[in-house]
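Asks: Quick check, what structure comes out for this input:
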Amino acid sequence: MSSDQRNERSVPLVFLITTIIAYGLLLTKTGFYWDDWPFAWIARFHGPAGFIPAFEGVRPFLGPIFFVTTSLIPPVPMYWQIFALVIRFVAVLSAWFAFSQVWAQHRQQTLVASLLFLVFPAYSQHWVALTHINQEWVSLIFLLLSYSFTGYALRNPKYFWSGTIIALVLMVPGIFPTEYFVGEGPLRFLFIWIIVREQTDDAKQRILRSAKLWMPYLFIWLADILWLFYFYTLGNYDSYDVDVVREPLSLLHILVTIGETIWKVGMYAWGQILLAVGNSITTPSSLLTLVLIGVAFTFFVYYLRRFDMHSDETKMFAVTAILVGIAGLILGRLPSLAAGLPLKLQSSWDRFTISMMLGGSLFIVGVVDLLVRNRRARIYVFALLIALSIGQQFFNANIFRRDWEKQQEIYSQLAWRIPDMEPGTLLITDQLPVDYETDLSFTAPLNWMYAPDYNGSDLPYAFLYTEKRLGTATLPSLSPDTPISLGMRAATFNGSTSQAIVIHMPKSGCLRVLDPALGDEVTYGRESRYLLNAIPLSRPDLIVVDSEQTPKLPFLSEPEHTWCYYFTKAELARQTGDWQKIVDLYNEATSKGYEPGDPFEWLVFIEGQAMTGHTHFAQQLAKTAIDSDPRVVKGVCQVWKRVQTLTLSACVGGD
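Replies: Below is the predicted model:
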């Protein structure tokens, strides 16, 4: 076997190893995020067929994709995270096939471009697996394979017609299900032109032949554009507004956007991990990221030096890769630009870079190939780019790991504090301390936990963020008896602000139910107005305190009972007036060495001690709380007012 053949055969294994290192090291510690939750809920309670009507007014061609994948994979986070690895592996194989067909003589450069596509650092949304596999990645794989067969057909005349037909068929599921890839048409023309250029020297003939070969693809592309124009402007589309139709972009805006896209996605993204790690250099995740970068760099220097495919050393690859890369970046930005959506890295908005991954990878490889002419130095630069990108994805994985841990804290504490609640209840807060979930995200697991036997179209529970929703059609005001309607794809919640429970969870504390009868508007007077203005609506009486139900999500186990367990159970005991239980919970928690993360959590125990006659000890706890944070003074005063009132009532009753 020749060295070239050995190198070719090693590529899939290297892709697989890279996929696992970049995305799989924390696989068991990641879960569901963003729209994963509503989609998982639909799969569990409406079944795969529920996705057909769910996407009817948004992206109707996505419904069948969700139907197929959710028929195969249960709504369990671990399964979808594993499936995400498989999808990324298939995607990089497809990209390598496509690049290899277009630039057949540049094997090392196409390998590097494929590896950079695999670990593309501008895209951080890999772990939102259930959502993005179905909404974008399946279509992207079809599109990449379509590119591949276009190239294969042109390079193998014997299979021209069969290859072209396959490419055309694959193009349909590649662009119709989602608008993300609507800009792909001209990119295929450039791929065709690069191949035709090798087959004819006449410039005019190149253009004419390329245009002729592109024509059948052009018709499908135009059909997609017409469909999108109809559906988004005249049809029953109900999602993002198409801003560009209402307010055309100025030339200056277009030029600035082009520059921003090339800079952020084509250049800055490749080194952003250095800034991210530099800002938290002493944390374990940052140190592990640096170690991983070092190991990956060493491996890829070794591997790329052995991967000698006798590539053509002319500058033509670099020039064409840069031009195609710029075109891919700009065309990939068009859909989100048309909707007036921003391009922000390291945020949920960077999901739009999925349509720029091909262009961004080719662009940076072309730039390096053009500027670094020394072969060994170029290998070092390529290896560094791959290693930095692997480090970026591992850094991202840690962000999602922490988010999943916080989600699980929220779900467990919610179950401890609210064993059950009346159907039709609305949970309200200003914001929860997580980055990758919206109130709609929480509405799905809320119903999963408290309505495990759900069967219908009306949701019994809903969750709303006042900071995001107040003043919108969903939450017009915080006035009593304001109707609330919240749709979640295939189901809708219909309720009222007069049937609500207000909760609060600080970044460093436990989840709590707020109660206007306890003076919580005063106690939490320094919190945001979005929270304070909602407190008068809160009705803890909607909580079924004696329920035998244990709300839980089937794929989550009961966490260790640390401080927040005792705090939430103490709050529940206060609601039933079981003061001795509060004292018992305090004694058990402190005997195990647990203590509050938020001084406001002392209040329930101060009240419990005082109401059981341990006044002196209650005063000591109050002093401890005030010494740790003077802001808790008003809350302590509210406790003493209640204690005095109840004590006086008891004395009067005794007379």
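
Asks: what's stretch 547-557 in contact with?
Replies: Stretch 547-557 is contacted by residues 76-78, 408, 411-412, 414-415, 418-420, 445, 448-450, 558 when judged by CB atoms under 8 Å, 6 or more residues apart in numbering. The way it works is simple: take the backbone N, C-alpha and C, and place the C-beta from them, glycine included.

Asks: Out of those, grab the one that's most surrounded.
Replies: When neighbours are counted by other CB atoms under 10 Å, Ile418 leads the contacts of stretch 547-557 with 27 neighbours.

Asks: Now it. Its backbone dihedrals?
Replies: Main-chain dihedrals, Ile418, degrees, to the nearest 10: phi -120, psi 90.

Asks: now the helix or strand in which Tyr302 is found: how far from the chain's centre is it?
Replies: According to DSSP states H and E, Tyr302 maps onto helix 284-306. Averaging C-alpha positions (CA atoms, centre = their mean, to the nearest Å) puts helix 284-306 26 Å from its chain's average.

Asks: what mean pLDDT does the helix or strand that comes right after it have?
Replies: Toward the C-terminus, helix 284-306 is succeeded by helix 316-338 as the next helix or strand (DSSP H and E). For helix 316-338, mean pLDDT rounds to 93.

Asks: which strands and helices sit next to helix 316-338?
Replies: Counting contacts by 3 or more CB pairs under 8 Å, 6 or more residues apart in numbering; DSSP states H and E, helix 316-338 packs against helix 107-118, helix 185-199, helix 243-246, helix 251-266, helix 357-371.

Asks: immediately after the fourth one, which helix or strand?
Replies: Spelled out, that is helix 251-266. Next in sequence after helix 251-266, counting helices and strands by DSSP H and E, comes helix 272-278.

Asks: who are the neighbours in contact with Ala534?
Replies: Counting by CB under 8 Å, 6+ apart, Ala534 touches 428-430, 466, 478, 500, 502.

Asks: Point out where the protein drops to low pLDDT.
Replies: Residue ranges of the chain with pLDDT under 70: 1-6, 234-248, 308-314, 646-655.

Asks: what is the orientation angle of the biggest helix by length in it with helix 107-118?
Replies: In terms of residue count, the longest helix belonging to the chain (DSSP state H) is helix 375-417. Angular relation of helix 375-417 and helix 107-118 on a 0 to 180 degree scale: 20 degrees, by axes from the mean of the first three to the mean of the last three CA atoms, to 10 degrees.

Asks: And helix 375-417, how far out from the chain middle?
Replies: How far helix 375-417 lies from its chain's middle: 12 Å, per CA atoms, centre = their mean.

Asks: Packing partners of that helix?
Replies: Using 3+ CB pairs under 8 Å, 6+ apart: helix 375-417 touches helix 3-23, helix 107-118, helix 272-278, helix 284-306, helix 357-371, helix 439-450, helix 563-576.

Asks: For the last one, which outside residues touch it?
Replies: With CB under 8 Å, 6+ apart as the contact definition, helix 563-576 has outside contacts at 409, 412-413, 416-417, 419, 510-513, 540, 543, 545, 579, 581-582, 585-586, 588-589, 594-597, 601, 604-605, 607-608.

Asks: Show me the residues you listed that map onto strands.
Replies: Using DSSP state E, 512-513 are the members of these that sit in strands.

Asks: Buried only: go through the contacts of helix 563-576 for me.
Replies: For the contacts of helix 563-576, a burial check counting by 16 or more other CB atoms under 10 Å picks out 409, 412-413, 416-417, 419, 510-513, 540, 543, 579, 581-582, 585-586, 589, 594, 596, 601, 604-605, 607-608.

Asks: per the record, what domains does this structure have?
Replies: With domains defined by automatic domain parsing, the chain comprises 3-402, 419-546, 560-655.

Asks: got TSV for those domains, with distance to Leu553 too?
Replies: Compiled in TSV, these are given as follows (distance: least, CB to CB, whole Å):
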stretch	distance to Leu553
domain 3-402	9
domain 419-546	6
domain 560-655	17
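
Asks: number of nearby residues for the closest residue to Pro177 other than its chain neighbours?
Replies: The shortest distance from Pro177 to any non-neighbouring residue, by CB to CB, 6 or more residues apart in numbering, is to Phe61 (4.0 Å). Other residues near Phe61 come to 16 when the count uses other CB under 10 Å.

Asks: returning to what we had before: next step: the contacts of helix 563-576 restricted to helices.
Replies: The helices, defined by DSSP H, take in 409, 412-413, 416-417, 579, 581-582, 585-586, 588-589, 604-605, 607-608 from the contacts of helix 563-576.

Asks: biggest separation within these, which pair?
Replies: The span of the ones in helices among the contacts of helix 563-576, defined through CB to CB, is set by Glu409 and Trp579 at 26.8 Å.

Asks: if we can go back for a sec, between the longest helix of the chain and helix 563-576, how big is the angle?
Replies: Following the same axes, to 10 degrees, one obtains 30 degrees for the angle between helix 375-417 and helix 563-576.

Asks: Determine which two of the contacts of Ala534 are furthest apart.
Replies: Greatest spatial distance among these (CB to CB): Asp430 and Ala500, at 13.3 Å.

Asks: if I pick the nearest residue to Phe117 once chain neighbours are set aside, what's in contact with it?
Replies: Distances taken as CB to CB, 6+ apart put Ser361 closest to Phe117, at 4.3 Å, once the chain neighbours are dropped. Contacts for Ser361 (CB under 8 Å, 6+ apart) come out as 95, 113-114, 116-117, 120, 325.

Asks: from these, which is closest to Trp404?
Replies: Phe120 (22.5 Å).

Asks: which residues does the closest residue to the closest one other than its chain neighbours contact?
Replies: Closest residue to Phe120 apart from its sequence neighbours, by CB to CB, 6+ apart: Met357 at 4.6 Å. Contacts for Met357 (CB under 8 Å, 6+ apart) come out as 117, 120, 122-123, 332.

Asks: out of those, which is most surrounded?
Replies: For the contacts of Met357, counting by other CB under 10 Å, the largest number of neighbours falls to Gly332: 27 neighbours.

Asks: Test my guess that that residue contacts Arg351.
Replies: No - look at Gly332 against Arg351 with CB atoms under 8 Å: they stay out of range, at 11.9 Å.

Asks: So which of the contacts of Ala534 belong to helices?
Replies: Among those, DSSP H puts Thr466 in helices.

Asks: before we move on, the earlier item: so which of the helices and strands packed on helix 375-417 is nearest Asn533?
Replies: helix 439-450 (16.4 Å).

Asks: The following helix or strand past the closest one pairs with which strands, and in what direction?
Replies: Using DSSP H and E, the helix or strand that follows helix 439-450 in sequence is strand 458-459. As defined by DSSP bridges, the strand partners of strand 458-459 come to strand 491-496 (parallel).

Asks: buried stuff in the partner strand?
Replies: Residues of strand 491-496 classed as buried by neighbour count (16+ other CB under 10 Å): 491, 493, 495.

Asks: For Gly509, which residues are in contact?
Replies: Counting by CB under 8 Å, 6+ apart, Gly509 has contacts 596-598, 600-601.

Asks: one step back: so for Ser347, which of the helices and strands packed on helix 375-417 sits nearest?
Replies: Nearest to Ser347 among the helices and strands packed on helix 375-417 is helix 272-278 (12.1 Å), distances taken as CB to CB.

Asks: Contacts for the closest one, please.
Replies: By CB under 8 Å, 6+ apart, the list of residues contacting helix 272-278 from outside reads 121, 286, 289-290, 293, 345-346, 388-389, 391-392, 395.

Asks: who touches Leu603 in this structure?
Replies: Taking CB under 8 Å, 6+ apart, we find Leu603 in contact with 523, 625, 632, 635-636, 638-639.

Asks: List the contacts of stretch 472-486.
Replies: By CB under 8 Å, 6+ apart, the list of residues contacting stretch 472-486 reads 426, 440, 443, 459, 462, 464, 466, 469-471, 492-498, 533-534, 536-537.
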